[in-house]
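**Q** no sequence for this one, just the structure:
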RNA sequence: GGCGCCAUCGUCUAAUGGUUAGGACAUCAGGUUUUCAUCCUGAGAAUAGGGGUUCGAUUCCCCUUGGCGCUACCA
């Protein structure tokens, strides 16, 4: 039975890199009929941000990645924990960690350390000066447990460090990178229990992954150097470690680690901008993985079918917004019209106080989908339908025409339209088409200014569709405004 | 500084010893369409450098260079 987990820290929002990590972990579980769990790693109380867990779950839920076990939403989108290996929030598991730290202490695999921050800084400074590897110098390594306990009773502050074996090497097979090897003498005696009684990540992740029976630890590459510590802890406890897979990092365009400074990194930012979850998922999945042939459009179901960790790339990948835009447009164009209207519903209601059932807007949403990149852009592009637009008259002039001609054409067109009673798209199309021919005009001369006059912007659906939706009165009114703009 | 990971077009990547080094995004140039967009066609664009191994290296090995990560009582 495969069991994977996604273990975020509640420090604010879901990072797009974490979305990919969660996605891969989810896929690996699902393709083997396994379980995907969500565990909250909140052992750093300083960095905790109120509301993060809801935030994380909301983004994951949007993407369609829902945990089978652990922290999750119930039907009413309330945060709950489900499963028999809980609690799944680390701050609620302190007694568990203490038990295992005590075991290590008793067995002599760990020791109390009383060194001050000042001393530690000093040690590191000297090591750096001597061009040595930095790390704890073992000052408290040989204080006996009894002696240490006595010191603690007198009120001295202490942390617990693991007693890393300094002989030989730690070698392991990473599912993505193959064999990786570290010299043990360069691995630090890592603090596993902080003076505030909370465990560090290193202890908590090992204890929890074991107790929750995780079979595949899928995480970011930044954890690769600390894997020997984790392996050593598994050894000390006599546990079998999971398989490890360290994912390549996502990068900024300048190839540094993807950060907030250079653009949006929170999934919720992309939700707000109107990206589709299927596009986002497809995009991040392909940042580091591909099926080996030339297909690029994959649904979550298809990913589950074809993904494999072994084919994940080793090198980090730049988070390329232009490709995301392309994916989003592809999904937008493919989308069923009714579905599209439904997805625009809340945007229209929130931004423009318009109900999709109240106006023929649903008709136009479908027309606009080949022009827009995101849902927000799509809805914004259509706002001319329910509110008049401010625009510069210059955009009324087609590139191969001039203002004088354009004004004349619009005036003539207006007179012609005033005598038409049937403003349906089909009728307008044939009648205006004939009229253009009869007057020896080109389509560009008439259709471009007509469309811009009706929409007040350069990007919009065609002139006949708009006229149909606006109706005769409103259409003529807008053409009149346009003519005046050309004076 | 130490340790580790990595290295194909601008970007995401395919090709695991033999290809005119392929595709996609982006860019540029044409074309279709009753306008913009859509759509179609085409073009330019890469194996970081140096050594090996081999009949033959993008591919295997070594070195250099470069990038990134870790080096906390943060994850």
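**A** Done, it's in. Keep in mind it's a predicted model, so treat the numbers as computed, not measured.
**Q** drop to CA atoms for contacts and neighbour counts, all remaining ones
**A** Fine.
**Q** from RNA strand B, how far out is the spatially closest residue to residue A:443 that is not a sequence neighbour?
**A** Spatially, and ignoring its direct neighbours in sequence, residue A:443 is nearest to residue A:436 (6.9 Å; Cα to Cα, 6 or more residues apart in numbering). Shown here: residue A:436 relative to RNA strand B, a distance of 8 Å by Cα to the nearest atom of the strand, to the nearest Å.
**Q** now do residue A:223
**A** 6 Å.
**Q** which positions in the stretch 101-250 of chain A make contact with RNA strand B?
**A** A:114-117, A:124, A:128, A:130-135, A:157-159, A:177-183, A:186, A:190-191, A:193-196, A:199-202, A:221-226, A:249 (Cα under 7 Å from any atom of the strand).
**Q** following the helix or strand hosting residue A:103, which helix or strand comes up?
**A** Counting by DSSP states H and E, the element that carries residue A:103 is helix A:94-107. Later in the chain than helix A:94-107, the nearest helix or strand by DSSP H and E is strand A:110-113.
**Q** next SSE after that following strand?
**A** helix A:117-129.
**Q** what residues does that next one touch?
**A** A:133-137 (Cα atoms under 8 Å, 6 or more residues apart in numbering).
**Q** redo that, cut-off 10 Å
**A** With contact meaning Cα atoms under 10 Å, 6 or more residues apart in numbering, helix A:117-129 is reached by A:116, A:130-137, A:139.
**Q** over to stretch A:83-99?
**A** With Cα under 10 Å, 6+ apart as the criterion, stretch A:83-99 contacts A:7, A:9, A:37-45, A:68-72, A:80-82, A:101, A:103-105, A:192-193, A:197-201, A:203-205, A:207-208, A:211-213.
**Q** report the buried members of the residues you listed.
**A** The neighbour count (16 or more other Cα atoms under 10 Å) marks A:7, A:9, A:37-44, A:68-72, A:81-82, A:101, A:104-105, A:192-193, A:197-201, A:203-205, A:207-208, A:212-213 as buried among the contacts of stretch A:83-99.
**Q** next up, the contacts around the residue of chain A positioned farthest from its centre.
**A** Relative to the centre of chain A, and counting by Cα atoms, centre = their mean, the farthest-placed residue is residue A:438 at 55.6 Å. Residues near residue A:438 by Cα under 10 Å, 6+ apart: residue A:432.
**Q** what's the separation between it and residue A:431?
**A** 11 Å (Cα to Cα, to the nearest Å).
**Q** residue A:90 now?
**A** Counting by Cα to Cα - residue A:90 and residue A:431 are separated by 71 Å.
**Q** between these two, which is the more surrounded one?
**A** residue A:90 (23 against 14; other Cα atoms under 10 Å).
**Q** where does that one land on pLDDT?
**A** On the pLDDT scale, residue A:90 is placed at 98.
**Q** now swap in residue A:122 and tell me
**A** pLDDT at residue A:122 comes out at 93.
**Q** next: residue A:177.
**A** 95.
**Q** show me what contacts it?
**A** So residue A:177 contacts A:244-248, A:310, A:312-314 (Cα under 10 Å, 6+ apart).
**Q** swap in 7 Å and give it another go.
**A** residue A:314 (Cα atoms under 7 Å, 6 or more residues apart in numbering).
**Q** give me phi/psi at it?
**A** Residue A:177 adopts backbone torsions of phi -100, psi -10, taken as degrees, to the nearest 10.
**Q** gap between residue A:111 and RNA strand B?
**A** 13 Å.
**Q** swap in residue A:295?
**A** 7 Å.
**Q** may I ask which helix or strand encompasses the residue lying closest to residue A:312 once chain neighbours are set aside?
**A** Among residues not flanking residue A:312 along the chain, residue A:289 sits closest, at 4.8 Å (Cα to Cα, 6+ apart). Assessed by DSSP H and E, residue A:289 sits outside every helix and strand.
**Q** now residue A:65
**A** Counting by DSSP H and E, residue A:65 is part of no helix or strand.
**Q** hang on, the earlier thing: just the ones of the buried ones among the contacts of stretch A:83-99 in strands?
**A** A:37-38, A:69-72, A:81-82, A:192-193 (DSSP state E).
**Q** so where's chain A uncertain?
**A** Along chain A, segments meeting pLDDT under 70 span A:356-361.
**Q** that one: strands as residue ranges?
**A** Under DSSP E, chain A gives strands at A:3-6, A:35-38, A:69-73, A:79-82, A:110-113, A:159-162, A:169-174, A:178-183, A:191-193, A:216-220, A:243-247, A:250-251, A:317-318.
**Q** what residues does the stretch 301-450 of chain A have near RNA strand B?
**A** Taking Cα under 7 Å from any atom of the strand as the criterion, the contact residues of the stretch 301-450 of chain A with RNA strand B come out as A:311, A:313-320, A:322-323, A:326, A:370-372, A:398, A:429-430, A:432-433, A:443-444, A:447-448.
**Q** at 6 Å what do you get?
**A** Residues of the stretch 301-450 of chain A lying near RNA strand B by Cα under 6 Å from any atom of the strand: A:313-315, A:317-318, A:320, A:322-323, A:326, A:370-371, A:429, A:433, A:443-444, A:447-448.
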